[in-house]
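In: below is the sequence, then the predicted model.
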Amino acid sequence: MHDTNSLHTTRPVQCCPWCSGSEIRPKGKRRNKYGDVQLYLCRHCNRKFTPLLTRNKTYPLRVIIDALTFYNRLYTLEGAARAVARKYGLAISRQTLRNWLDDFAAYVPFTTLRGAAAQSYDRRNIIAEAQLLHGQVYGFKYHRAKTALILSRLRQTHPIRPLQEYLEAVPRTCPHALFRDNRARASSTKGKFNLDGVLIKPRPDPAVQAARFALQAVADNRQRHETLQAFMLANDCDTVAVEVPVYLTAADLDDMRSALRQLPFTLGRGETITGHIDIVQLRFGLIHILDYKPGAKRIKPIEQLTLYALALSRLTGIDIYHFKCAWFDDEDYFDFYPRHLFQPRRTARGPEARSVPLPMKLARRTPRQPAAITAITAAHAGTAPARRSSSASRARRYTGN
């Protein structure tokens, strides 16, 4: 059980939410029955503010986030309230949780898929988890229901389907010895690729909104990745896995070279590059590889993400054409197609300049995964119901089941 006096802790404030000024200082505290909320004063616009998006809420943000996450992990309304009570010693009512689901619906869109997920899964098996001791402990998690729901809307022969088998098999088939040995990390591999053909696009994205919301209550920077990963996996509609282990061996690169003629580097005999993908998403028939990077505007982890894409492509047998990579924080989001590093974009106009998919139909490593698991049928993944506006209609949405 947590100490209620510490529940209102927040991460350090960098700027004023009103004018973005950096001249801020603490200015007293606001007390409620669950602790003290720190107030700040901006010397530029002379406004007081709290660092939280959840202003005018009695309960601490950490409690609200956990309650929403419990509900989207298929706890009933009463079960989510009991889980919060066990963790924090705070009693919340069924109606309070309903209100939070409405107030923060934009941050937890999985509520629209929850009913379909509950038809084939329960809270004990909706998410597969494994602790991977790879030098340090990595918390691999895989959302079975979300993956099946997304894939059920694609044709049976869609090329990204093997990802489901790979994720399901990770806890059983991951070669842990490769990661425990002193191997080169993808995150520290630089200068391997020619980046001239890469088009980096900044864009608004729901991942930024999720980070801004979920990280408000994280005062310890060491907990940022884990907190954000858990929130996105349970509550958004795209994240299907976190801390996914991947690796590339010298033999892998040799086999890929015939398809990727511009693969610019080699590994010596017995050498391996390993890594763990922060976040894997499925969107619009593409596999998105995301990396949370504080200060995203100042860095460009293009090579690290490209190696992740190559490794996951090799391990699943999915064409590199079906991958997209991005890095983000709570302010910015940047993405690119890794295929552009092997097939530079053409600037000329006309039919001769059209982009052609890469001939990267690589044989998958064998043996890798068990037989394909059965996906939820398309009937289970029906169109999300439209939001109702009246309070009575909203109450009917949350049946507690």
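Out: All right, it came through fine.
In: who does the residue most central in space within the chain form a beta bridge with?
Out: In the chain, the residue lying closest to the centroid (Cα atoms, centre = their mean) is I279, at 4.0 Å. Counting by DSSP bridges, I279 is bridged to V242, L290.
In: isn't it up against V242?
Out: Yes: with contact defined as Cβ atoms under 8 Å, I279 reaches V242; the gap is 5.6 Å. Every C-beta, even on glycine, is put in place using the N, C-alpha and C of the backbone.
In: which residues does the residue nearest to the centre of the chain contact?
Out: The neighbours of I279, taking Cβ atoms under 8 Å, 6 or more residues apart in numbering as the test, are A207, Q229, M232, T239, A241, V242, I289, L290, D291, Y292.
In: adding neighbour count, write those out as CSV.
Out: Output for those, formatted as CSV (neighbours: other Cβ atoms under 10 Å):
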residue, neighbour count
A207, 25
Q229, 21
M232, 24
T239, 28
A241, 27
V242, 26
I289, 26
L290, 26
D291, 20
Y292, 19
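In: and those as a markdown table, adding distance to T76?
Out: Shown next, in a markdown table, are those (distance: Cβ to Cβ, whole Å):
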| residue | distance to T76 |
| --- | --- |
| A207 | 29 |
| Q229 | 25 |
| M232 | 23 |
| T239 | 23 |
| A241 | 26 |
| V242 | 25 |
| I289 | 34 |
| L290 | 31 |
| D291 | 35 |
| Y292 | 31 |
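In: let me see the ranges of the strands in the stretch 151-300 of the chain.
Out: Assigned by DSSP state E, counting those that start in this stretch, the strands in the stretch 151-300 of the chain fall at 184-185, 201-202, 239-249, 272-283, 286-292.
In: which of those sits most buried?
Out: Most buried of those, by mean neighbour count (mean count of other Cβ atoms under 10 Å): strand 239-249, with a mean of 25.
In: what residue ranges in this protein score low on pLDDT?
Out: For the chain, applying pLDDT under 70 flags the ranges 1-21, 27-38, 40, 47-57, 182-183, 186-191, 194, 197, 261-262, 343-401.
In: of the contacts of I279, which is the nearest to I320?
Out: I289 (11.2 Å; Cβ to Cβ).
In: is it correct that that closest one is in contact with A309?
Out: Yes: contact status for I289 versus A309: in contact at 5.7 Å, counting by Cβ under 8 Å.
In: mutual contacts of those two, please.
Out: F323, C325.
In: what is the neighbour count of D255?
Out: By other Cβ atoms under 10 Å, 14 other residues sit near D255.
In: run through the residues that contact C174.
Out: Here C174 is in contact with L132, P245 (Cβ under 8 Å, 6+ apart).
In: ok, the one 5 residues further on next?
Out: Counting by Cβ under 8 Å, 6+ apart, F179 makes contact with L132, H134, G135, P245, Y247, T274.
In: pretty sure the fourth one is touching L133, no?
Out: No: using Cβ under 8 Å, P245 is not in contact with L133; the gap is 11.2 Å.
In: just to revisit the earlier point, could I get the strands of the stretch 151-300 of the chain as CSV with distance to H44?
Out: Converted to CSV, the strands of the stretch 151-300 of the chain look like this (distance: least, Cβ to Cβ, whole Å):
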stretch, distance to H44
strand 184-185, 42
strand 201-202, 26
strand 239-249, 37
strand 272-283, 35
strand 286-292, 29
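In: ok, which of these comes nearest G79?
Out: strand 239-249 (22.6 Å).
In: quick one: the closest one to chain centroid distance?
Out: Centroid separation for strand 239-249 versus its chain: 12 Å, with Cα atoms, centre = their mean, to the nearest Å.
In: elements contacting that strand?
Out: Helices and strands touching strand 239-249, by 3 or more Cβ pairs under 8 Å, 6 or more residues apart in numbering; DSSP states H and E, are strand 127-134, strand 136-143, helix 144-152, helix 162-173, helix 176-180, helix 224-235, strand 272-283, helix 302-316.
In: go through the shortest one and flag the buried ones.
Out: Which is helix 176-180. F179 (16 or more other Cβ atoms under 10 Å).
In: okay, and the common contacts of I279 and V242?
Out: With Cβ under 8 Å, 6+ apart as the test, I279 and V242 both reach Q229, M232.
In: that older thread, now for the strands of the stretch 151-300 of the chain, which one comes closest to F342?
Out: Across the strands of the stretch 151-300 of the chain, closest to F342 is strand 239-249 (Cβ to Cβ), at 14.5 Å.
In: angle of that closest one against strand 136-143?
Out: 130 degrees (axes from the mean of the first three to the mean of the last three Cα atoms, to 10 degrees).
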